[in-house]
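Enquirer: quick one, what's the 3D model for this:
(4 chains)
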Protein chains: 2
Amino acid sequence: MSKAERTRQFIIEQTAPIFNKQGYAGTSLSDLTTATGLTKGAIYGNFENKEEVALAAFDYNLGLVQAGLRAGDADSGPAREQLLALPRFYRTVFPELSQCGGCPILNAAVEADDAPPSALLQRVKDSVRRWHRHVVRLIEAGQRTGEIRPEADAGRYATLFIALVEGGILLARVAGEPSALHTTLDHIEHLIETELTE
Amino acid sequence: MSKAERTRQFIIEQTAPIFNKQGYAGTSLSDLTTATGLTKGAIYGNFENKEEVALAAFDYNLGLVQAGLRAGDADSGPAREQLLALPRFYRTVFPELSQCGGCPILNAAVEADDAPPSALLQRVKDSVRRWHRHVVRLIEAGQRTGEIRPEADAGRYATLFIALVEGGILLARVAGEPSALHTTLDHIEHLIETELTE
DNA sequence: TCAAAATTATACCGATTGGTATAATAACCA
DNA sequence: TGGTTATTATACCAATCGGTATAATTTTGA
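Expert: Sure, this is the predicted structure:
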């Protein structure tokens, strides 16, 4: 790992929470230099421009959440357990996630969904699609093994789960207190156990 | 209505959708002058500073949504109908709302929830609390008339409804297409008709 | 209608923005 | 170790930021 690669990684790690909190347009170059202790020369020696740092920071923030999600649903086991890993993950990770500025998808989506099509918006779209497809596949796998009701609309439940997670995060962060998120996560578990399985 | 009051209102109406789309920090004074055709003198003659314009614009954006919501649930009638007015409203208003930048609460919440406590954040908190309390009162009124199951937790359903609305708006705007919102609104109606009433 | 008052336009301020050219420094390999 | 290359720091750029002082212009009420 060359010096430049280490510096690049260092910049991303130090600035990712700032981008997530202040927004990708709302974070200035001086924010980056003070957060890293480096100068503009070091930033522009490792990135083309500010947008490239922002995109790398978004990828990093997204990767942190995705890694936790994948670690939870151990790639196998009963479908019911794999689905329940989703609310369980957000229940435990919320305090830490909130400290880093909240859900990067939610933040970046609100920032980018009115701007002209950008690389950031495309990343948000792709990550939401992947997340949705991931949940759909968990449900459909459970239907093939007979654990989940065959008549359940997998796409519909995936949409509901994601909306409940994001809506819950929003409310919890506005309130400064996680109970609203717990309510929506409880409802996800309730849907899994009363409408999808049994 | 004096000239200044008319100008003030004109500035608010012309700039409110811009604030909602670009964010309150992300909208510059030159955005305001080009949108209104006025100059800085006119802006600062009617507002203390940019933040005051931003707050007035948020109030205006919020008022548009609230007015539509109140108009829907005609202040009386069966509790079930009053509750169903919520998803019905968002179903019809979404295209127009999306054109103006989406839900002002969602947008302002994401922008303000990591910044130091600001007047905007306080407004967001208050508006969410009022919305929540409004739904709670609708449910409790229905419980008093016997229309709604007495054992239902009103606060819980209010939280779920708001989270489903906001999460649905988020997904629909990311997708550029309203079907995800329709899914979450369908679920609100489903909850009203299968868990709250009957 | 006319003058006083209220309103808007113009010109400017220092600070900060993203970005670049170049100089200084540190890393690396022969 | 020496010299070349890769990396970082410094100094600067034009453009824009929010905001102000003042001049020009409308409103407004007598």
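Enquirer: let me see the mean pLDDT of the helix or strand harbouring A:Ile169.
Expert: Using DSSP states H and E, A:Ile169 falls within helix A:154-175. Helix A:154-175 carries an average pLDDT of 99.
Enquirer: same check, this time on stretch A:88-100
Expert: Average pLDDT, stretch A:88-100: 98.
Enquirer: near chain B at all, it?
Expert: No - for a cut-off given as C-beta under 8 Å from any C-beta of the partner chain, stretch A:88-100 has no contacts with chain B; the smallest distance is 9.0 Å. (Glycine included, C-beta is placed from N, CA and C.)
Enquirer: contacts for that stretch, please.
Expert: Stretch A:88-100 has contacts (C-beta atoms under 8 Å, 6 or more residues apart in numbering or on different chains) with A:16-17, A:20-21, A:61, A:64-65, A:68-69, A:72, A:103, A:165, A:168-169, A:172-173, A:178, A:181-182, A:185.
Enquirer: which of the residues you listed count as buried?
Expert: Those of these that meet the buried threshold are A:16-17, A:20-21, A:61, A:64-65, A:68-69, A:72, A:103, A:165, A:168-169, A:172-173, A:178, A:181-182, A:185, by 16 or more other C-beta atoms under 10 Å in any protein chain shown.
Enquirer: next step: those residues restricted to helices.
Expert: Judged by DSSP state H, helices contain the following of these: A:16-17, A:20-21, A:61, A:64-65, A:68-69, A:72, A:165, A:168-169, A:172-173, A:181-182, A:185.
Enquirer: how many neighbours does A:Gln82 have?
Expert: Per other C-beta atoms under 10 Å in any protein chain shown, the neighbour tally for A:Gln82 reads 22.
Enquirer: point me to the helix or strand that includes it.
Expert: Element membership for A:Gln82, per DSSP H and E: helix A:79-99.
Enquirer: right, and A:Phe47 touches A:Ile11 too?
Expert: Yes - A:Phe47 lies in contact with A:Ile11 (C-beta atoms under 8 Å); the separation is 7.4 Å.
Enquirer: more neighbours, those two?
Expert: Between A:Phe47 and A:Ile11, counted using other C-beta under 10 Å, the more crowded position is A:Ile11 (22 against 18).
Enquirer: state the distance from the more buried one to A:Tyr44.
Expert: For A:Ile11, the distance to A:Tyr44 equals 11 Å [C-beta to C-beta, to the nearest Å].
Enquirer: what about A:Pro95, neighbour count?
Expert: 9.
Enquirer: ignore the last one, A:Gln99
Expert: The number of residues near A:Gln99, taken as other C-beta under 10 Å, comes to 11.
Enquirer: equivalent analysis for A:Ala42, please.
Expert: Neighbours of A:Ala42 (other C-beta under 10 Å): 18.
Enquirer: residue ranges with poor pLDDT in chain A?
Expert: Applying pLDDT under 70 to chain A flags residues A:1, A:73-75.
Enquirer: state which one residue of it is found closest to DNA strand D.
Expert: Distances between chain A and DNA strand D by C-beta to the nearest atom of the strand are smallest at A:Gly41, namely 1.7 Å.
Enquirer: anything in stretch A:180-191 near chain B?
Expert: Yes - using C-beta under 8 Å from any C-beta, stretch A:180-191 comes into contact with chain B via A:180, A:183-184, A:187.
Enquirer: can stretch A:6-15 be said to contact DNA strand D?
Expert: Yes - using C-beta under 7 Å from any atom of the strand, stretch A:6-15 reaches DNA strand D at A:Thr7.
Enquirer: which parts of that stretch are buried?
Expert: Applying a neighbour-count criterion of 16+ other C-beta under 10 Å, one finds A:7-8, A:11-12, A:14-15 buried in stretch A:6-15.
Enquirer: just the angle between the longest helix that chain A contains and helix A:154-175, please?
Expert: In chain A, taking DSSP H as the definition, the longest helix is helix A:119-144. In terms of direction (axes from the mean of the first three to the mean of the last three C-alpha atoms, to 10 degrees), helix A:119-144 departs from helix A:154-175 by 130 degrees.
Enquirer: helix A:119-144 vs helix A:79-99, what angle?
Expert: 150 degrees.
Enquirer: list the buried residues for helix A:119-144?
Expert: A:120-121, A:123-125, A:127-128, A:131-132, A:135-136, A:138-139, A:142-143.
Enquirer: flag every residue of chain A that's near DNA strand C.
Expert: A:2-3, A:27-31, A:40-41, A:44, A:49-51.
Enquirer: looking at those residues, which are in helices?
Expert: Judged by DSSP H, helices contain the following of those: A:3, A:29-31, A:40-41, A:44, A:50-51.
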